[in-house]
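In: Below: sequence and its predicted model.
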Amino acid sequence: MLRPRHLILPQGFTELPRSGGTNSPQPSKGRKGRGRRSQSELEEMKESVRSKNYRILFVDDDKPFREATARWLRLDFGLDVVEAESGREALRKVEQDDPYDFIFLDLMMPPGIDGVETYLNLRNFKPTARVVMMSAYSDSELWNRAVDLGFKPLHKPLTEVTDSLIEIFGGSGGEQG
């Protein structure tokens, strides 16, 4: 069974798996158990993310949320964000436009395929895709399915999880492969 590249890291972890390596995150030094980062620390880490010129695919059926979050990711993190409104559109874009450094998938996208099904389809032709699951509903069956697949989904809105995003993008540690 293919395991997802773990991108939603537990608090205190900062390193993403490198291609050909293990899917286990590596612990950071000194972050676990500490409080929130200072504003100057956050800005320094965001600058580190900006320097990497990441391209992401952001998939969410809620147009106002998708557009606002994509705009925020562009402005705060300097990301090249491509938007998709459904799982099917995301799969088409990955087939046509790849490479994406990260793919953010909303878990619930009615009436089409959900984020878990999108991921399962995606891994058939792009098994190394770095996928981030997100949802506003942590008590859902889809959330539990994502967890069973090895993900730790982000809670929406993403502006509330800036520290987690910085860790996902590798802005708090060394260079990512």
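Out: Sure, I can see it.
In: Is it correct that Asp76 is in contact with Glu47?
Out: No - counting by Cβ atoms under 8 Å, Asp76 stays clear of Glu47, with 10.7 Å between them. All C-beta atoms are positioned from the backbone trio N, CA, C, and that covers glycine.
In: So between the two, which is more surrounded?
Out: Asp76 (16 against 12; other Cβ atoms under 10 Å).
In: Sticking with that one, tell me its helix or strand.
Out: Using DSSP states H and E, Asp76 sits in helix 63-77.
In: following that helix, which helix or strand comes up?
Out: Following helix 63-77 toward the C-terminus (DSSP H and E): strand 80-84.
In: strand partners of that next one, parallel vs antiparallel please.
Out: Partners of strand 80-84 in the sheet, by DSSP bridges, are strand 55-59 (parallel).
In: Can you mark which positions in the partner strand are buried?
Out: Going by neighbour count (16 or more other Cβ atoms under 10 Å), the buried part of strand 55-59 is 56-59.
In: For the residue lying closest to Arg74 once chain neighbours are set aside, which residues are in contact?
Out: Nearest residue to Arg74 in three dimensions, chain neighbours excluded: Val81, at 5.5 Å (Cβ to Cβ, 6 or more residues apart in numbering). Each residue near Val81 by Cβ atoms under 8 Å, 6 or more residues apart in numbering is listed here: 55-56, 58, 70, 73-74.
In: Likewise for Glu83?
Out: Counting by Cβ under 8 Å, 6+ apart, Glu83 has contacts 57-60, 66-67, 70.
In: Next: Ile56.
Out: 73, 79-82, 100-104.
In: Who wins on neighbours among these?
Out: Phe104 (29 neighbours).
In: Go over the secondary structure and confirm it is in a strand.
Out: Yes - assessed with DSSP: H, G, I helix; E, B strand; the rest coil, Phe104 lies in a strand.
In: Give me the phi and psi for the nearest residue to Gly112 once chain neighbours are set aside.
Out: Closest residue to Gly112 apart from its sequence neighbours, by Cβ to Cβ, 6+ apart: Ser86 at 4.6 Å. The phi and psi values for Ser86, taken as degrees, to the nearest 10, are phi -150, psi 170.
In: Ser86 is in contact with Leu57, isn't it?
Out: No - between Ser86 and Leu57 there is no contact, the gap being 12.0 Å when judged by Cβ under 8 Å.
In: Compute the distance between the spatially most central residue of the chain and Asp114, please.
Out: For the chain, Val132 is the residue whose C-alpha lies nearest the centre (Cα atoms, centre = their mean; 3.0 Å). Val132 sits 15 Å away from Asp114, going by Cβ to Cβ, to the nearest Å.
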